[in-house]
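Trainee: give me the fold of what follows.
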Amino acid sequence: MTELVERVRHRLVTDADAELGAVIRSESGGIVDDAVFAALHRDIAAQLTGAGPLEPLIAMDGVTDVLVNAADQVWYDRGNGMERAPTCFADEASVRQLAQRLAAAAGRRLDDAMPFVDAVLPDGTRLHAILPPLTEHTTVSLRVLARRRYSLADLVRLGTVPPEIDAVLRALIDARLAFVLSGGTGTGKTTLLGALLGLVPVAERLVVIEDAAEVVIDHPHVVRLLARAANVEGAGAVELRELVRQALRMRPDRLIVGEFRGAEIADLLIALNTGHEGGAATMHANSAADVPARFAALGALAGLTVPAMTSLVASAVDVVVHLRRSRDGLRSVAELATLARRGGELVISPAWSADSGIQAGAEDLAGLVRARGGAMPSALVTGGPL
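Mentor: Okay, here's the model as predicted:
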């Protein structure tokens, strides 16, 4: 198979007008059976332009990550934790070749002079690859974009959103509260964000700023702004902070940030402080209680003092929705909390948790909803003040 792929590749390089199917038939000695030809055509096309042996894994329903640790160590995640794939590469050189081809497809270089790459492929898949000697074997990590639009009702049915807070999350959207979805990698932050944004009234315009088009939203008026890395010549980069400035001139009803992750957080928070209610973002954090510390750390990257960061966050973000992933792979909302400034500190007031139910901060949450003219559903709080 490898020899055939190389012969086909050589023919296509030397003859720009050659057609892939005709070249395959010619180089394979002429295939008559249509089913055999179709399978071979699909496999060779994947080797030449797709993700090679990883293509079937990427195409599997529900797959979020495909990881290559070595030629004979391929793993994938489709919601149940890491699973070992039967897929193998011929050797280390084959893995390196695939990594370099994928990097080139993203307009980046991957070689001994630049032994790692973090890029977005043309189909939106996130690519990270790193070469020896920085690692024992060439390592490839692919984050696969969600293909399905989930509604909030879907997530309730799947167990991601506990039924008792379904109406509460809807109230947050109706009241145009700004919120952050926090959690670890793979906890479902982006999926829940897309479902919540699907509840926004159709007359409102959503401007979504991301590194890659990851948030899947079922809404008729979504404008996406995507950051762009520099090309192999080091030119052409467009950073998130520039996209924020552009977004503010696009008449957004709600400004959405794919993820708070670096120094650009200052520009993003300033944007959310310009009167754009109902903004949202995701953030990596271990718990809702860790969100203030995470904001402080990101603010330090932007050169902001803790008091300055506290003021920005307290004015821009109202609610934290924290997600976690259980040992059996279930992603679910674990905590709801309000975020406010007390003195010079940013503090979290827990309103609800999956483990303990209604918390003391529930009244703060109800007050935020009522202040925006909303009505906090009483179903949440059989034993509480909401």
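
Trainee: quick one: end-to-end distance for stretch 117-131.
Mentor: 9 Å (Cα to Cα, to the nearest Å).

Trainee: swap that for stretch 340-349, sorry
Mentor: 8 Å.

Trainee: and it, what's buried?
Mentor: 340, 346, 347, 348, 349 (16 or more other Cβ atoms under 10 Å). For the C-beta atoms, the positions are set from N, CA and C on the backbone; glycine is no exception.

Trainee: for residue 165, see how far away the last one is.
Mentor: Think residue 349. 16 Å (Cβ to Cβ, to the nearest Å).

Trainee: show me what the helix or strand encompassing residue 194 is packed up against.
Mentor: Assigned by DSSP states H and E, residue 194 belongs to helix 189-197. Applying 3 or more Cβ pairs under 8 Å, 6 or more residues apart in numbering; DSSP states H and E, one finds that helix 189-197 contacts helix 152-158, helix 163-174, strand 179-183, strand 254-260, strand 280-284, strand 319-325.

Trainee: same thing but 7 Å
Mentor: Contact here means 3 or more Cβ pairs under 7 Å, 6 or more residues apart in numbering; DSSP states H and E; on that basis helix 189-197 packs against helix 152-158, strand 179-183, strand 280-284.

Trainee: who's in contact with the helix or strand immediately after it in the chain?
Mentor: From helix 189-197 onward toward the C-terminus, using DSSP H and E, the following helix or strand is strand 206-210. The contact list for strand 206-210 (Cβ atoms under 7 Å, 6 or more residues apart in numbering) reads 197, 200, 215, 217, 219, 221-226, 240, 243-244, 247, 250, 252-258.

Trainee: am I right that residue 102 falls within a strand?
Mentor: No. Checked against DSSP: H, G, I helix; E, B strand; the rest coil, residue 102 lies outside a strand; its state is helix.

Trainee: can you give me the neighbour number for it?
Mentor: For residue 102, the neighbour count with other Cβ atoms under 10 Å is 23.

Trainee: check residue 212 too.
Mentor: For residue 212, using other Cβ under 10 Å, the count is 18.

Trainee: now swap in residue 321 and tell me
Mentor: For residue 321, using other Cβ under 10 Å, the count is 27.

Trainee: quick one: low-confidence parts of the stretch 1-150 of the chain?
Mentor: 1-50 (pLDDT under 70).

Trainee: so which residues of it form strands?
Mentor: Counting by DSSP state E, counting those that start in this stretch, the stretch 1-150 of the chain has strands at residues 65-70, 73-77, 82-84, 116-120, 126-130, 139-143.

Trainee: before I go, just wanted to say thanks for your time.
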